[in-house]
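> Task: produce atomic coordinates for the following.
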Amino acid sequence: MYLDKYPLSTALARPLIAENLVNIAREINADAVAHGCTGKGNDQVRFDLAINALGPDLKIITPAREWKMSREEAIEYGEKFGIPAPVSKKSPYSIDVNLLGRSIEAGILEDPMQEAPEDIFAMTSSIDNSPDSPQDIEIVFKNGFPVGINDEFLTPLEIILKANDLSGAHGFGRIDMIEDRVVGIKSREIYETPGLLLLIKAHKELESITLNPDVVDFKGIVEKKWGQLVYQGFWFGPLKDSLDAFISSTQTSVNGRVKIRLYKGNAIVIGRMSENNSLYREDLATYSQNDIFNHSLAEGFIYMWGMSNKIWAELNSKTKN
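Residues are numbered from 1 along each chain as shown. The predicted structure follows:
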């Protein structure tokens, strides 16, 4: 999650596009590749870095950047060569779409105080038009990967499509944020990532019951760095490879299911369980007569746990007096 909000739906697509671009260039013995990114966005960075990593001998041609074309000039240039632009004066937005979501910018959205108009959304329902009754679903994970929804085991493609439909229907998955671009400017971005946000939320909840506290804590640091690397274009890089290895090593015990209630723009966790990997012990957590926790050890633990703080407090108390 970049900036704790954006699940990298667009950023994840760029290295895939770049990899296919380089592969096709190799197949036809091309010595150059081209892309249509401008000189002020993130995608130029992602494409250039990925292409340089996979095909460092290839020349990169960027007409919009090299010729400093405005948005209007780029549209006119494309249409001149038979490439229609999916924009109009009525709908002047720049929209990117893939399986993971949609990103929308430009037009009225460039004013960060203007509410995003309802007609820009396509994957998510408005709160007003979402069902008046909640829907409970269960997401099943194996080794950290979502493998099923409501006891229906699905392929990864089917998982994201179904998660998109379920979340989107209930109005969950919209993001309106000010984003720090790689090139140093802030931009207002609108995203629709209903399925991805749902799966991330469920996954984190299952990790909370299957991973040790120190692993969860450190993995959060790793995730933040991983998100920065992918956002900034370093998908094909040594640090990301190393972080991938760490993340993969934590997921062998992330098995189980999470119950989530979808309702009016919310995805509320209402249950979680792991049959073989749960670190939650009811006999230790309970306050009933079935409690087996040794309460008598608490006083000694607290004494040692707070020793340094107690010494500091005593010293400062004497100093003040």
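
> What distance do you get for the residue lying closest to Gln251 once chain neighbours are set aside to Asn255?
Leaving aside its sequence neighbours, Gln251 sits nearest to Gly144 (CB to CB, 6 or more residues apart in numbering; 3.0 Å). Heads up, the C-betas are built off the backbone N, CA and C, glycines and all. Distance check for Gly144 against Asn255: by CB to CB, to the nearest Å, it reads 8 Å.

> more neighbours, those two?
Between Gly144 and Asn255, Asn255 has the larger neighbour count (other CB atoms under 10 Å), namely 20 against 17.

> Looks like that one contacts Ser274 (just checking).
Yes: applying CB atoms under 8 Å as the test, Asn255 and Ser274 come out as touching, 5.8 Å apart.

> List the residues that are in contact with both of the two.
Listed contacts common to Asn255 and Ser274 are Leu206, Thr210; contacts here mean CB atoms under 8 Å, 6 or more residues apart in numbering.

> Might you list the low-confidence residue ranges for the protein?
Across the chain, the ranges flagged by pLDDT under 70 are 87-91, 321.

> need the helices for it, in chain order.
Secondary structure of the chain by DSSP state H: the helices cover 13-27, 43-54, 63-66, 71-80, 156-169, 194-210, 213-231, 238-250, 282-285, 298-305, 307-320.

> now the fifth one, how far from the centre of its chain.
A distance of 15 Å separates the C-alpha centroid of helix 156-169 from that of its chain, computed with CA atoms, centre = their mean, to the nearest Å.

> between it and helix 194-210, how big is the angle?
Per axes from the mean of the first three to the mean of the last three CA atoms, to 10 degrees, the angle that helix 156-169 makes with helix 194-210 is 100 degrees.

> Same check on the fourth one?
Computed with the same axes, to 10 degrees, the direction of helix 71-80 lies at 110 degrees from that of helix 194-210.

> Quick check: buried residues in helix 71-80?
Residues of helix 71-80 classed as buried by neighbour count (16 or more other CB atoms under 10 Å): Ala74, Ile75, Tyr77.

> Nearest residue to the first one in space, ignoring adjacent ones along the chain?
It stands for Ala74. Closest to Ala74 by CB to CB, 6+ apart is Ala64, at 5.0 Å.

> How much space separates that neighbour from Glu110?
Ala64 is 18 Å from Glu110, by CB to CB.

> now Arg14
Distance from Arg14 to Glu110, by CB to CB: 22 Å.

> Looking at these two, which is more packed in?
Ranked by neighbour count (other CB under 10 Å), Arg14 and Glu110 place Arg14 first, with 25 against 11.

> isn't Asn164 right up against Met123?
Yes: applying CB under 8 Å as the test, Asn164 and Met123 come out as touching, 6.1 Å apart.

> mind checking the end-to-end distance for stretch 116-135?
26 Å (CA to CA, to the nearest Å).

> what about Ile260, how many residues close to it?
For Ile260, the neighbour count with other CB under 10 Å is 24.

> Thought Leu206 was touching it, still the case?
No: the pair Ile260 / Leu206 is not scored as a contact, 11.1 Å apart, by CB under 8 Å.

> who's in contact with Leu211?
Here Leu211 is in contact with Lys219, Thr250, Ser253, Val254, Leu279 (CB under 8 Å, 6+ apart).

> for it, phi and psi?
The phi/psi pair for Leu211 (degrees, to the nearest 10) reads phi -110, psi 150.

> just to revisit the earlier point, okay, the helices of the chain, which one's buried deepest?
helix 194-210 (a mean of 22; mean count of other CB atoms under 10 Å).

> picking up where we left off before, ok, now which ones touch the residue nearest to Gln251?
His203, Ser248, Thr250, Gln251, Thr252, Val254.

> Nearest to Ile149 among these?
His203 (13.1 Å; CB to CB).

> In the contacts of Leu211, find the pair that's most separated.
Farthest pair in the contacts of Leu211, by CB to CB: Lys219 and Leu279, 14.6 Å.

> Can you give me the end-to-end span of stretch 42-61?
16 Å.

> now swap in stretch 176-187 and tell me
11 Å.

> Which of the residues in that stretch are classified as buried?
For stretch 176-187, the neighbour count (16+ other CB under 10 Å) marks Met177, Glu179, Val182, Ser187 as buried.

> these two touch, right, the third one and Asp43?
It stands for Val182. No: Val182 is not in contact with Asp43 according to CB under 8 Å; the separation is 9.5 Å.

> What number of residues are in the vicinity of Gly171?
Gly171 has 22 nearby residues by other CB under 10 Å.

> how near is it to Glu105?
From Gly171 to Glu105 the distance is 21 Å (CB to CB).
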